[in-house]
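Asks: A predicted structure for the sequence below; I have some questions about it.
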Amino acid sequence: MNVIERKYYTCEKCGRMSQNEEKIKECEASHLMVKEDGTIEAMYRKGATCPEILKIEMADGSFATYQFDRREEAKE
């Protein structure tokens, strides 16, 4: 039986793995980061306790919009 040793590189942002270091460097560079002092806009549905939509400014000036689908109420 032969023992094979393999080295893998992992993207710190998404967890993608590859034996090719350059592919992982490209993967890490491709991710947009949230702008540290950017705006976050929370949009609420009438009567909701938590936001339904979040609009977040990214480091390149674009915005990402996330919509929540809350299925269970908080327990008291």
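Replies: Looks like it came in fine.

Asks: next one: the residue nearest to E52 when sequence neighbours are not counted from R71, what distance?
Replies: Of all residues not flanking E52 in the chain, R45 sits nearest, at 4.6 Å (CB to CB, 6 or more residues apart in numbering). No exception for glycine: its C-beta is placed from N, CA and C like everyone else's. Distance of R45 to R71, given as CB to CB, to the nearest Å: 14 Å.

Asks: neighbour count: the two, which is higher?
Replies: R45 (12 against 5; other CB atoms under 10 Å).

Asks: quick one: the strands in this structure, in order.
Replies: 9-10, 17-18, 40-43, 53-57, 63-67 (DSSP state E).

Asks: of those strands, which is nearest C27?
Replies: strand 17-18 (7.9 Å; CB to CB).

Asks: tell me the strands beside that closest one, with direction?
Replies: Strand pairing for strand 17-18, using DSSP bridges, gives strand 9-10 (antiparallel).

Asks: next, the buried residues of stretch 3-22.
Replies: Residues of stretch 3-22 classed as buried under the neighbour-count rule (16 or more other CB atoms under 10 Å) are Y9, C11.

Asks: how long is that stretch from one end to the other?
Replies: 26 Å (CA to CA, to the nearest Å).

Asks: make a markdown table out of the strands of the chain and add mean pLDDT.
Replies: Shown next, in a markdown table, are the strands of the chain (pLDDT from 0 to 100):
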| stretch | mean pLDDT |
| --- | --- |
| strand 9-10 | 98 |
| strand 17-18 | 97 |
| strand 40-43 | 96 |
| strand 53-57 | 97 |
| strand 63-67 | 96 |
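
Asks: could you export these as CSV, including distance to C27?
Replies: What follows is these, written out as CSV (distance: least, CB to CB, whole Å):
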stretch, distance to C27
strand 9-10, 9
strand 17-18, 8
strand 40-43, 26
strand 53-57, 21
strand 63-67, 18
